[in-house]
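Peer 1: Have a look at this prediction, sequence included:
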Amino acid sequence: MTPPTDSDTQRIPVRYWIWLFGAAVSLLGDLTMSFAIGWSATRHGGSVAGLILLLAAAPRAILLLVGGAVGDRYGAPRVLLVSCTAMFLVTAALVPATRAVGEPVWLLMILAVVVGVIDAFFLPSSRAMPRLLVPAPQVPRALASFQVTGVVFAVTGTAVGGVLVNWAGLTAAAAFDAITFGAMIVVLYLLRGTTIPHGSRRSGMFRSIVDGVQAAFGRPLTRALLITMTLAAGLLMPMDGLLLPLLARDHHWDAQTAAILIATRSIGVGIVSIRILVRGAFQRPGIVAMLGLLFAAFGFAGLSVFDALPLAIVAAVISGIGVGTFTGHILPLLMNSVESEYQSRLQSVVVLCQSLALVVMNPVLGTLADVQGVQITGVCLAIGVAITLIGLVALSRPVIRNARVS
């Protein structure tokens, strides 16, 4: 490991911590809401759950490049404020809607589509904010601090989600999510004018989108990281919303137990994030990231064979350590690989790649989980094998092995 440099040990600006507070609070609501939607969807079976998650991913994928271009054109903070306001209105309206009609499949489908559209504008601007609030050398530590805070809120959020769902279903989760987005709106108002100026209207929207895609795929390191992340995302991102709830139902565990399993997976992510926050990034983050995939494979193998809840929790933590190692080292590499003026557009490409992977893999994994002889345990084992192969292939690429955070 490389000793921390002067820039590594400088204090992260106060404005970043203010933003982190708001982002963490909204994350708490998002995790509660995501768990509630996933649990409600899995009540109708793996195929229906996969379809509902696809309906959230599809409009997000279609509009992401537009959302990224809008973020860089008008400024990420402004676009983020509008997106948070829209989410506040949607979740607030969901409360009386669910009280009136319950949680039918058609309502879950409509909610998935609306949230997917808002996410197309929210996600690129939200993910660009750390790079706009801190200098480039401090990005790994800033992202690690977000992951550490996120783990604390993830454990709380999934636990709260389990309690709220058992108490009042999607209605309670929606009300809680609306409150957290209200807090984020206040934080964004307080931060107005404190980020690095990056909005530009010098080119048309289409030209801006093309420039962003070229910036993402025209550089060997960025291109290699994006391809690796896309392949891994299709297998790792369905874990909390689809795979672990289905695994819990397969073992006849209730919603609170499923929430605990999801929360403990986040503990593994937190362990790695604390290490990066305190000690800094490793000298060869590309190598470390791919080794994280190999470690996560052991966790998925454990989930496929362990029936006892304590052993399943251990396997979930192991998978979380691997995923945290992967994301904690690959995301700073991506973020620092392009200039600040491209940050929203880069993040839109990243989320687009992830969304396209989810569009394909959510229904595939959900359908496989319903197949007799495969089921959810077979799906977990297959994912472990697949991410091992992805990690080994990525390690064979010199551009990834030699990558460093600038």
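Peer 2: Yes, it's here.
Peer 1: Tell me where the stretch 1-150 of the chain is predicted with low confidence.
Peer 2: 1-10, 150 (pLDDT under 70).
Peer 1: oh, I was asking about the stretch 251-400 of the chain
Peer 2: Low-confidence segments of the stretch 251-400 of the chain, defined by pLDDT under 70: 281.
Peer 1: helices or strands next to the longest helix seen in the chain in the packing?
Peer 2: Counting by DSSP state H, the longest helix found in the chain is helix 139-190. With contacts defined as 3 or more C-beta pairs under 8 Å, 6 or more residues apart in numbering; DSSP states H and E, the packing partners of helix 139-190 are helix 14-42, helix 76-101, helix 105-133, helix 255-279, helix 309-335. C-beta: built from backbone N, CA, C; applies to glycine.
Peer 1: and the nearest residue to Thr367 once chain neighbours are set aside, what element?
Peer 2: The shortest distance from Thr367 to any non-neighbouring residue, by C-beta to C-beta, 6 or more residues apart in numbering, is to Ser47 (5.5 Å). Using DSSP states H and E, Ser47 sits within helix 46-74.
Peer 1: Please spell out which residues along that helix are buried.
Peer 2: 46, 48-61, 63-74 (16 or more other C-beta atoms under 10 Å).
Peer 1: Count the neighbours of Ile179 for me.
Peer 2: 15 (other C-beta atoms under 10 Å).
Peer 1: Please apply the same query to Gly193.
Peer 2: For Gly193, the neighbour count with other C-beta under 10 Å is 6.
Peer 1: Could you do Pro96 as well?
Peer 2: Neighbours of Pro96 (other C-beta under 10 Å): 11.
Peer 1: One more: Tyr189?
Peer 2: Tyr189: 11 surrounding residues under other C-beta under 10 Å.
Peer 1: same check, this time on His252
Peer 2: 7.
Peer 1: do the same with the one 5 residues further on
Peer 2: Using other C-beta under 10 Å, Thr257 has 16 neighbouring residues.
Peer 1: now do Pro220
Peer 2: So Pro220, with other C-beta under 10 Å, has 14 neighbours.
Peer 1: Skipping adjacent residues, who's closest to it in space?
Peer 2: Val399 is the one closest to Pro220 (C-beta to C-beta, 6+ apart), at 4.9 Å.
Peer 1: Now that neighbour: which helix or strand?
Peer 2: Going by DSSP H and E, Val399 is part of helix 398-401.
Peer 1: Return the list of helices and strands in contact with that helix.
Peer 2: Short answer (3+ C-beta pairs under 8 Å, 6+ apart): helix 398-401 packs on helix 220-236, helix 285-305.
Peer 1: Save the ones you listed as a markdown table, and put in distance to Ser126 too.
Peer 2: A markdown table is the format used below for the helices and strands packed on helix 398-401 (distance: least, C-beta to C-beta, whole Å):
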| stretch | distance to Ser126 |
| --- | --- |
| helix 220-236 | 17 |
| helix 285-305 | 22 |
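Peer 1: Comparing the ones you listed, which comes out most buried?
Peer 2: Among the helices and strands packed on helix 398-401, ranked by average contacts under mean count of other C-beta atoms under 10 Å, first place goes to helix 285-305 (a mean of 22).
Peer 1: Report the inter-axis angle for that one versus helix 255-279.
Peer 2: Helix 285-305 and helix 255-279 are oriented at 160 degrees to each other (axes from the mean of the first three to the mean of the last three C-alpha atoms, to 10 degrees).
Peer 1: on contacts alone, who are the packing partners of helix 285-305?
Peer 2: When contacts are defined as 3+ C-beta pairs under 8 Å, 6+ apart, helix 285-305 packs onto helix 220-236, helix 309-335, helix 375-395, helix 398-401.
Peer 1: got the phi/psi numbers for Gln283?
Peer 2: Gln283 adopts backbone torsions of phi -60, psi -40, taken as degrees, to the nearest 10.
Peer 1: follow-up on the earlier one: got the angle between the helix holding Ser47 and helix 14-42?
Peer 2: 150 degrees.
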